[in-house]
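Trainee: Structure for the following, please:
(chains A and B)
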Amino acid sequence: MSEPQARAGARAGARTGAAARGSDAAPDRIEHPFVEFLRMYVRNWAATAGFAIFSVILFSALFAPMLLARDPFEMVWMPFTPPGQDGFVLGTDNLGRDMLTAILYGARATLVVGASAATLTIVIGITIGSFAGYYRGWVDEVLMRITEFFQVLPPLLLAMVLVALFSPTLPTVAIAIGVVSWTGVARLARAEFMRIRELEFVKAARSIGSRNRRIIWRVILPNALPPLIVNAALTVGVAILFEAALSFLGLSDPNVMSWGKLIGDNRDYLLDAPWTVTIPGVAIFLTVLAISLIGDGLNDAFNPRLRER
Amino acid sequence: MDRAAPLLEVEGLKVEFDTRHGVARVLTDIGLSLEPGETLGIVGESGCGKSMTALSIMRLVPIPPGRIGAGSVRLKGEDLLQASEKRLREVRGKDISMIFQEPMTSLNPVYSIGDQIAETARLHDGLGRRDALDRAVEMLKAVHIPAAERRVREFPHQMSGGMRQRVMIAMALACRPSVLIADEPTTALDVTVQAQVFDLLKELQDRTGTAIILISHDMGAIAEMADRVMVMYAGRTVEEAPTEEILDDPRHPYTKGLIACVPHLEEAPPPVRAALTEIPGVVPALTDPGAGCSFAPRCAHADDRCRRAAPPPRDVGGNHRVACWLYEGADAA
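Mentor: Residues are numbered from 1 along each chain as shown, chains lettered A, B, ... in the order given. Here you go, the predicted model:
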């Protein structure tokens, strides 16, 4: 709306009086923020496709026991049966285990590790970043030096050391990934807190007697969340790649089937039985791609500047 | 004048900020007092310390880089500058509230306005969620927002600037504070809405007996609202008097300049319109105030003494105090 129009509107509003002005604003036309968000998200077809792919993966992981009630470690047929032969849709691997079952059950470990590592990343990152950005001064100095210390460590190496030091179980893997990847979230949260803490509604919250704890978690954090949610979504993808890398190197739980473990187990037979490596590889690729598309879609939907109305 | 301890009394308040260019003396020897139900206007140009005075009273000055160097802020006899942080949180919102200049940014965009008004009541009166929301509806009605029961669930972006400022007022008054500090409450609003907000403030003041400190650079707004006016320049009080007195008989050259800056439509004869006056120069840097009167570089009456020493405030009769060498000896007369 141009300025003269706005002025004319204000004048008209003043004439019609207080009672009429209430209905002038016509709140019915204004969407609920969540509805608007959904509309913006769905408009991005790539993001919608990403969501669809991810839903399929999540569904098959969740309902794997109902879809195929088999032990993924069980040797069921000749090793290296090519896909489609003898009724094995995705073939068998070096030990004669069914690839389809392994992929389905492997999705569970992969997604669980990905999600819990991302959650840990977000929790550590937001906690450190928000305190640093809110309190500034020496708190900021100390926390940022700690962050930088973690930033300069080679992440894969540190994760390998952590897993090797403790037991190679899924929780250890998730914690190791979380510990090496929270720094980006911390810096992002810090920047958002530094920006938002200067806004007037934070001053207003303090002026009605809110304490720091409340201002950090209830006043500033909800406003800082959109970029952090986007970051969290992308972190899930990174965590899945990390888990794949660790289990490829044999540093994951040997008793739990995962995609990375499949690739690791079969890497010596890449030329003889390429499907044993490429199929889990494609599964990882599709999952990370879907998550990236979702993250991208969230970013567009949250960012009002990218919206065309 | 003989009187009991005032509701709010500020004495010798001194606030400094550490900056890259040295120590900025943001407030020097500020004093004010406020009675229940009274409205005190604080006027001055940008950067003269109006908002800082308000923030100091609530002890919301960012420390560091800020520092409250000296003085006292006594609310009903209790010195807030010595109070604990916990006690201050009780005072903020309950005894002293504040409304801000920018209604567009002073409400949190992620909460409904009802939640935000209710928050004050939940913090101070220990109300539960439902009771606090009822209070919010009640407050929205008090600030004349139509369809309060429905509006209470709406978000700030669904409201106009004037509406949001009403919501801010409702939030500030939800616990019936005895002092309301309004920091340029209408600067961001257009003129018709400004008048409505002032009417609302007056009405609520009549009903609740809240004392108001109104901060503005608009002499017109002050003239309409305030009982007494305090004129600030470069972190000092240069003149203080009842509103009519200061409008009819401004003493300090700066006050005269401020009043002359207000355009008078009715006084302009159509063919020869007098040019709008302005005060030459700008507010001096607070880091290097020099020894003399801080207004001297912009003052037409300045002489050598003005540049040498700062004038102390003196009483010129009729509750009128002015800090200017022009009136030296006036208190003897």
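
Trainee: what about the residue nearest in space to the middle of chain A, which helix or strand?
Mentor: The centroid of chain A falls nearest to residue A:233 when counting by Cα atoms, centre = their mean (2.1 Å). Element membership of residue A:233, judged by DSSP states H and E, is helix A:221-248.

Trainee: do that helix and chain B meet at all?
Mentor: Yes: using Cβ under 8 Å from any Cβ of the partner chain, helix A:221-248 reaches chain B at A:222, A:223. To be clear about C-beta, it is placed using only N, CA and C from the backbone, and glycine gets the same treatment.

Trainee: Buried residues in that helix, which are they?
Mentor: A:221, A:223-228, A:230-248 (16 or more other Cβ atoms under 10 Å in any protein chain shown).

Trainee: and the next element down the chain from it?
Mentor: Counting by DSSP H and E, what follows helix A:221-248 is helix A:259-266.

Trainee: one step back: next one, pLDDT for the residue nearest to the centre of chain A please.
Mentor: pLDDT for residue A:233: 83.

Trainee: Who are the contact partners of residue B:24?
Mentor: Going by Cβ atoms under 8 Å, 6 or more residues apart in numbering or on different chains, residue B:24 touches B:16, B:17, B:18, B:285, B:286, B:287.

Trainee: Just the element for it, please.
Mentor: Counting by DSSP H and E, residue B:24 is part of strand B:22-34.

Trainee: For that strand, give the mean pLDDT please.
Mentor: Per-residue pLDDT over strand B:22-34 has a mean of 81.

Trainee: could you point out which element follows it?
Mentor: Note on strand B:22-34: by DSSP H and E, the next helix or strand toward the C-terminus is strand B:39-43.

Trainee: Only the buried residues of the next helix or strand after that next one, if you could.
Mentor: The helix or strand immediately downstream of strand B:39-43 is helix B:50-57, counting by DSSP H and E. Neighbour-count burial for helix B:50-57, with 16+ other Cβ under 10 Å as criterion, is recorded at B:50, B:51, B:52, B:53, B:54, B:55, B:56, B:57.

Trainee: Make CSV out of the residues you listed and add pLDDT and distance to chain A.
Mentor: Conversion of those to CSV gives the following (pLDDT from 0 to 100; distance: Cβ to the nearest Cβ, whole Å):
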residue, pLDDT, distance to chain A
B:50, 82, 15
B:51, 83, 10
B:52, 84, 13
B:53, 87, 14
B:54, 86, 10
B:55, 86, 8
B:56, 86, 13
B:57, 86, 11
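
Trainee: of all those, which comes closest to residue B:297?
Mentor: Nearest to residue B:297 among the buried residues of helix B:50-57, counting by Cβ to Cβ, is residue B:50 at 20.6 Å.

Trainee: Next, see if the top helix by length along chain A gets close to chain B.
Mentor: Using DSSP state H to define each element, chain A has its longest helix at helix A:99-135. No: using Cβ under 8 Å from any Cβ, helix A:99-135 stays clear of chain B, with a minimum separation of 11.8 Å.

Trainee: Just the buried residues of that helix, please?
Mentor: By 16+ other Cβ under 10 Å, the buried positions in helix A:99-135 come out as A:99-122, A:124-134.

Trainee: Likewise for stretch A:141-148?
Mentor: A:143, A:144, A:147.

Trainee: Tell me who's in contact with the last one.
Mentor: This points to residue A:147. The contact partners of residue A:147, by Cβ under 8 Å, 6+ apart, come to A:128, A:132, A:183, A:186, A:187.

Trainee: Check the first one too.
Mentor: For residue A:143, the contacting residues are A:128, A:131, A:132, A:186, by Cβ under 8 Å, 6+ apart.

Trainee: so what's the first one closest to, chain neighbours aside?
Mentor: Across the structure, with Cβ to Cβ, 6 or more residues apart in numbering or on different chains as the measure, the residue nearest residue A:128 apart from its sequence neighbours is residue A:186 (4.4 Å).

Trainee: Could I get the phi/psi values of residue B:105?
Mentor: Phi and psi for residue B:105, reported as degrees, to the nearest 10, are phi -110, psi 0.

Trainee: same thing with residue A:252?
Mentor: Dihedral angles (degrees, to the nearest 10) for residue A:252: phi -120, psi -180.

Trainee: Kindly report the same for the one 5 residues further on.
Mentor: Here the main-chain torsion angles of residue A:257 (degrees, to the nearest 10) amount to phi -70, psi 130.

Trainee: Now do it, the pLDDT please.
Mentor: The model's pLDDT for residue A:257 equals 85.

Trainee: hang on, the earlier thing: of all the contacts of residue A:147, which two lie farthest apart?
Mentor: Between all members of these, the farthest pair (by Cβ to Cβ) comes out as A:132 and A:183, at 11.6 Å.

Trainee: just so I have it, where are all the strands in chain B?
Mentor: B:8-19, B:22-34, B:39-43, B:66-75, B:78-79, B:96-99, B:179-183, B:211-216, B:228-233, B:236-242, B:314-315, B:321-322 (DSSP state E).

Trainee: what's the most buried one of the ones you listed?
Mentor: strand B:96-99 (a mean of 28; mean count of other Cβ atoms under 10 Å in any protein chain shown).

Trainee: hang on, the earlier thing: between the contacts of residue A:147, which sits nearest chain B?
Mentor: Closest approach between those and chain B, by Cβ to the nearest Cβ: residue A:132, at 16.5 Å.

Trainee: returning to what we had before: please give me every residue in contact with the residue nearest to the centre of chain A.
Mentor: Contact analysis of residue A:233 by Cβ under 8 Å, 6+ apart lists A:291, A:294, A:295, A:298.

Trainee: excluding its backbone neighbours, what's nearest the second one?
Mentor: Put plainly, it is residue A:294. Excluding its sequence neighbours, the residue lying closest to residue A:294 (Cβ to Cβ, 6+ apart) is residue A:50, at 4.6 Å.

Trainee: ok, how many other residues are close to the one you found?
Mentor: Neighbours of residue A:50 under the rule other Cβ atoms under 10 Å in any protein chain shown: 22.

Trainee: Would you check that it makes contact with residue A:291?
Mentor: Yes: counting by Cβ atoms under 8 Å, residue A:50 touches residue A:291, with 7.2 Å between them.

Trainee: so what's residue 76 up against?
Mentor: In the absence of a named chain, chain A is used. A:70, A:92, A:96, A:97, A:98.

Trainee: wait, I meant chain B there
Mentor: Per Cβ under 8 Å, 6+ apart, neighbours of residue B:76: B:5, B:7, B:95, B:178.

Trainee: before we move on, back to that, filter the contacts of residue A:76 to the buried ones?
Mentor: For those, buried by 16+ other Cβ under 10 Å: A:70, A:92, A:97, A:98.

Trainee: Show me the subset of these that also lies near chain B.
Mentor: Near chain B, by the rule Cβ under 8 Å from any Cβ, you find none of the buried ones among the contacts of residue A:76.

Trainee: Contact partners for residue B:285?
Mentor: So residue B:285 contacts B:21, B:24 (Cβ under 8 Å, 6+ apart).

Trainee: distance of it from residue B:53?
Mentor: 19 Å (Cβ to Cβ, to the nearest Å).

Trainee: Let me know the angle separating the longest helix of chain A from helix A:259-266.
Mentor: 130 degrees (axes from the mean of the first three to the mean of the last three Cα atoms, to 10 degrees).

Trainee: Which strands and helices lie in contact with helix A:99-135?
Mentor: If contacts are counted by 3 or more Cβ pairs under 8 Å, 6 or more residues apart in numbering or on different chains; DSSP states H and E, helix A:99-135 sits against helix A:45-62, helix A:64-67, helix A:137-152, helix A:170-181, helix A:183-196, helix A:221-248, helix A:259-266, helix A:275-302.
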